[in-house]
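> kindly return the folded structure for what I paste below:
(chains A and B)
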Amino acid sequence: MANTDKLPFIEGQAPEVTALVERCRRGDKEALGEFYRAYRHDVARNLHRVLGPGRGDLDDVLQEVFIEVFRSIGRFRGDSKVSTWLYRVCVNVALQRLRKRRRLNEVTSDAGPEVRDDATPQRTLETRERMAAVYRILDELAPKKRVVFILHEIEGREPKEIAGIVGAPVLTVRTRLHYARKEFFARAAKEQAFAGEVR
Amino acid sequence: MATKLHCPAPARLADHQAGALSDGARAAIQAHLQECAACRTANARVAAARQSLSEIAAVTANVQSTLSQPRIEAALRWSRTQPVYVEPSPFRWGFAFAGLAAAALAGFVGWRAFHRASPTVAPRIEIAHADRIAPAVAPAPKPQMLEALVTLVGGDARLGRAQGGDEKLDAMARLGVGDRLLTAASARVAFQWAEGSGALLGPSSALHLARLDQRAQELALDGGELAVRVGPHQPGEALRVVTPHHAIEVRGTWFVVSVDAHGTTVQVLEGVVEVAALQGDGSSTRIAAPQRAVFPAGRGVGEGARPLSGREASALRQGSEMGLLAWTSLDKELTSTGVFRVGSAPPAELVVDGVSFGPTPVALRRPLGGHLVELTRPGFATIRRWISVGNEPGDLHVAMHTEVEQPKSTPPTPEEVMEVVRNHRRQTTACYEHSLKRDPTLAGTVTLEIHVGPTGQVAGTRIEKDSLRDEEVVECLRREASSLAFAHARNVTVVIPFDFTANRR
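Residues are numbered from 1 along each chain as shown, chains lettered A, B, ... in the order given. Below is the predicted model of the structure:
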């Protein structure tokens, strides 16, 4: 039985996006494929930022996100932009993965994220080491604090927007952010990787 | 005043750098930093950490998914995702509660009026997928006959037509009611008749398509093994697999049935099946996933199911993968899919888009477009080819080659270059720092061409580019470079630029 409720108009959202989501909600399999192709790179980018490099599980988590998206798109009532809703699903799946990592005490590889090709190996190495240090510190944070920290410090999102994504009150987000920043920079101030002599 | 300030917390230093503090607080921190060396170090590290955070944003902007469309489609099929879910709107709930309240009130009034036990008032709930296995449902007055599309043929298989005749099974064939399939040893045949519904007939097996219509399907397995996947069924629809001794009835599940003279074995990977004895006491039992049960011939079906281990279930899934297509209708499948045959000498395991289809030769039906074909065999080099499936049948025949020794020239991986640079960073930095004391403005890039010999040791170096223009640094670099050693690179020339800039922090 198809969902026939029309999605409401959302300011700033292209009509074709709304139409695509409506087709997905009706169970149109081709629309689901289009949805995947349209958003897979955005989701991959977001997951990469939240989960960090060197794990090799990005594709698995990406797949989990889309399975969850396709499972729950019928419940999407259009009270937020599709991208915000998608980001929310993304964050929830990433949180589950982070909790699993902590539970299993997974160890990351030393490899930092891939950096641009035009850098010299020496510069690339330093950049990768510093980025790896960032994620080493982030691994020490509680998953909820980590997510809020990344959304604010890396993506530049405001607490109000973050509250919409993580589904928590703004005050809670501010509190998490306060403690996340406190813990992160306290560790960063002692981290050798941030004390390069030659750049 | 400023000197009385305690060392600020690193997070406050970050706020300071971000310009998020008031003028007074900023001035106090600046004054403190001038006097406190430890805080200056902390401040520099916090600045580096903040810079790394912004670099992460820039670097990850180019991250792309490498996940292929076929893989995500396969995963979605695997997970049985149902994209449509109807959640009643608040208005509907409102009406529902109002209706319920009205019904309850009516029931109460009725009880008062007739002084007898009130009927239970409850909303009528329609369940799309019943949680119990109903008996086979009588077909609709005009059942819509289905045709099954062969999607895989591996090895020799025969097709006996309902109207008579026996022919070699071709991957282009369509199957109808009454058709019989017979597979030779090590052969297998997969076919599909609806979205999510298909079967894989194993080696040395015989199957009769006893019934194939919209409402009910019946597959009579006379011998051998049959894996069945069944998509969601509407109420009233049913599928049965009948062996000489038992009948296995399902709705929305994935299971494997094998039969021999001694009885029937049922292994359930998803959902629930109900097994009924066709002989003996006619008893029946249910088997839920993931379980395996053996039912001897001529006796009732007692409780004998045991759980499948994770390893068994995984092997069973892999062995019974039939590569179901996204199904709309038979006509659409015929136009949107194509057949290709893969052969190899010697035979190898075929994997298409990450899904294993067993040993070659195999004729396979897949959606039109590009697919990644992989052929593996222990001791032989894996072959990976992108093929394009079109409307006309295609053929891919390859010769497998034994794994050869490393080629003479082996270039290093970026990681290996990185490792070598990392191991000698202290020395190369020292080369630069020595001259930096003499000339604090010294900066530039020296690009070295390094010839790696047959043992991984550096056989020679050459300056390819030098914007630093400092003989001492260049000579020092060449000296250090001549002691580099590569773990895997052999007989190759590697170009490594060294970038030198004084730290301005």
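> quick one: the strands in the stretch 301-450 of chain B, in order.
Ranges of strands in the stretch 301-450 of chain B, per DSSP state E, counting those that start in this stretch, are B:306-307, B:337-345, B:349-352, B:355-359, B:362-367, B:369-376, B:383-389, B:394-399, B:444-452.
> relative to chain A, which of the ones you listed is closest?
Using CB to the nearest CB as the measure, strand B:444-452 is the one of those that comes nearest chain A, at 7.0 Å. Placement of C-beta: from N, CA and C, glycine included.
> ok, and the closest non-adjacent residue to B:Glu333?
Excluding the flanking residues, the one nearest B:Glu333 by CB to CB, 6 or more residues apart in numbering or on different chains is B:Leu149, at 5.6 Å.
> tell me the pLDDT at that neighbour?
Per-residue pLDDT puts B:Leu149 at 90.
> and it, that's in a strand?
Yes: counting by DSSP: H, G, I helix; E, B strand; the rest coil, B:Leu149 falls inside a strand.
> how many neighbours does it have?
Neighbour count for B:Leu149, taken as other CB atoms under 10 Å in any protein chain shown: 21.
> wait, it touches B:Ala190, no?
No: with contacts counted by CB atoms under 8 Å, B:Leu149 stays clear of B:Ala190, the gap being 9.7 Å.
> tell me which stretches of chain A form helices.
A:15-25, A:29-51, A:58-72, A:82-104, A:121-140, A:143-149, A:159-166, A:170-188 (DSSP state H).
> which one is B:Thr41 nearest to, not counting chain neighbours?
In this structure, B:Thr41 finds its nearest non-sequential neighbour in A:Ala195, 7.3 Å apart by CB to CB, 6+ apart.
> where's that neighbour relative to A:Ala189, distance?
According to CB to CB, to the nearest Å, A:Ala195 stands 10 Å off from A:Ala189.
> tell me which of those two has more neighbours.
A:Ala189 (23 against 14).
> how near is the more buried one to chain B?
From A:Ala189 over to chain B the distance is 4 Å, taken as CB to the nearest CB, to the nearest Å.
> you'd agree that residue is up against B:Arg45?
Yes: with contact defined as CB under 8 Å, A:Ala189 and B:Arg45 form a contacting pair (5.1 Å).
> low-confidence regions, the stretch 301-450 of chain B specifically.
In the predicted model of the stretch 301-450 of chain B, residues B:303, B:404-407 satisfy pLDDT under 70.
> per-domain residue ranges of chain B.
Residue ranges for the domains of chain B, per automatic domain parsing: B:2-53, B:148-319, B:337-399, B:414-500.
> out of the ones you listed, which is the most enclosed?
domain B:148-319 (a mean of 19; mean count of other CB atoms under 10 Å in any protein chain shown).
> what distance separates the start and the end of that one?
This stretch, domain B:148-319, spans 21 Å end to end (CA to CA, to the nearest Å).
> go on, stretch B:460-477?
Stretch B:460-477 has its terminal residues 12 Å apart, counting by CA to CA.
> what does the pLDDT read for B:Phe498?
We have a pLDDT of 84 for B:Phe498.
> that one and chain A, how far apart?
B:Phe498 sits 6 Å away from chain A when distances are taken as CB to the nearest CB.
> just the helices in chain B please.
Listed in chain order, the helices of chain B (DSSP H) span B:10-18, B:23-35, B:37-59, B:69-78, B:90-114, B:310-319, B:330-336, B:414-423, B:425-438, B:471-481.
> any chance of a markdown table for those, columns distance to A:Arg181?
Listed next are these as a markdown table, based on distance: least, CB to CB, whole Å:
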| stretch | distance to A:Arg181 |
| --- | --- |
| helix B:10-18 | 5 |
| helix B:23-35 | 16 |
| helix B:37-59 | 11 |
| helix B:69-78 | 36 |
| helix B:90-114 | 39 |
| helix B:310-319 | 42 |
| helix B:330-336 | 53 |
| helix B:414-423 | 30 |
| helix B:425-438 | 31 |
| helix B:471-481 | 41 |
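> can you tell which of the ones you listed is closest to B:Ala345?
helix B:310-319 (23.9 Å; CB to CB).
> which strands or helices does that closest one pack on?
Packed against helix B:310-319 by the contact rule (3 or more CB pairs under 8 Å, 6 or more residues apart in numbering or on different chains; DSSP states H and E) you find strand B:263-270.
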